[in-house]
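1. coords below, sequence missing:
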């Protein structure tokens, strides 16, 4: 890191995970950077309060119980549900926010909220930002001028090695898998848990898309490799349940 930049870090437990911030700025700007990070943290807590399916008082929980109409919910609810519908069409239905008559957009919300937090910091004038939401990464501008952020991808079966290292300036990296949470992603076509992949990691221009596409690929199974290969601007790393690994062709650091 160049001597003129210092790293301002913060760790927050929110949305059922740990979110860490790394903002690079000048030494005389640290206090201001911390205030901007605090505002970004508030964005995450607001998203949790609005969208958590584990909180009975969240807008999503009340909407599902019929206590709120969509028009009375926080404005972000309609925006997120519209985004979910767009991605459902984009993924041939392998990503969905509709389950057994209920609405559950949490498969999109974490990446969306982390992306918004990173963008808030960037909008405040910071050019080198990394927000890590439980392993899902939103990056802005590299770690310094001309130097990309380096993001390690965990191997689902080998804790002693990395599956790959991604270099990116601005963009997102997201992983969906069964290692930590078991087979929690459902194939909407069959209604059964998705078990063909142990993990799928996707990198691309933004975290929201990378996150949704990783989830959809996990649900889709082996046919996801062809589908992922046809997504312009995205790369993938996939490990099957039997340990076989695939990845898209290497490219220079994502800008």
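-> Received, thanks. All of these numbers come straight from a predicted model, not from anything done at the bench.
2. tell me where this structure has strands.
-> Counting by DSSP state E, the chain has strands at residues 6-14, 17-25, 98-99, 102-103, 129-133, 136-140, 149-154, 162-168, 171-177, 186-187, 192-193, 197-204, 235-240, 245-247.
3. out of the ones you listed, nearest to residue 219?
-> strand 186-187 (4.8 Å; C-beta to C-beta). No exception for glycine: its C-beta is placed from N, CA and C like everyone else's.
4. ok, now which ones touch residue 207?
-> By C-beta atoms under 8 Å, 6 or more residues apart in numbering, the residues touching residue 207 are 111, 112, 114, 115, 118, 136, 137, 138, 171, 172, 173, 174.
5. ok, the last one touching residue 112?
-> No. The criterion here is C-beta atoms under 8 Å, and residue 174 misses it with residue 112 at 11.2 Å.
6. who has more neighbours, the two?
-> Neighbours were counted for residue 174 and for residue 112 using other C-beta atoms under 10 Å; residue 174 has more, 27 against 23.
7. and that one, how far from residue 193?
-> Remark: distance between residue 174 and residue 193 (C-beta to C-beta, to the nearest Å) = 19 Å.
8. residue 109 now?
-> Distance from residue 109 to residue 193, by C-beta to C-beta: 21 Å.
9. do the same with residue 48
-> From residue 48 to residue 193 the distance is 25 Å (C-beta to C-beta).
10. and those two? Which one has more around it.
-> residue 48 (18 against 13).
11. what's the neighbour count on the residue nearest to the more buried one when sequence neighbours are not counted?
-> Using C-beta to C-beta, 6 or more residues apart in numbering and skipping residues adjacent in sequence, the residue nearest residue 48 is residue 15, 4.7 Å away. For residue 15, the count of nearby residues is 21 (other C-beta under 10 Å).
12. kindly report the same for residue 125.
-> Neighbours around residue 125, by other C-beta under 10 Å: 11.
13. same thing with residue 63?
-> Using other C-beta under 10 Å, residue 63 is surrounded by 18 other residues.
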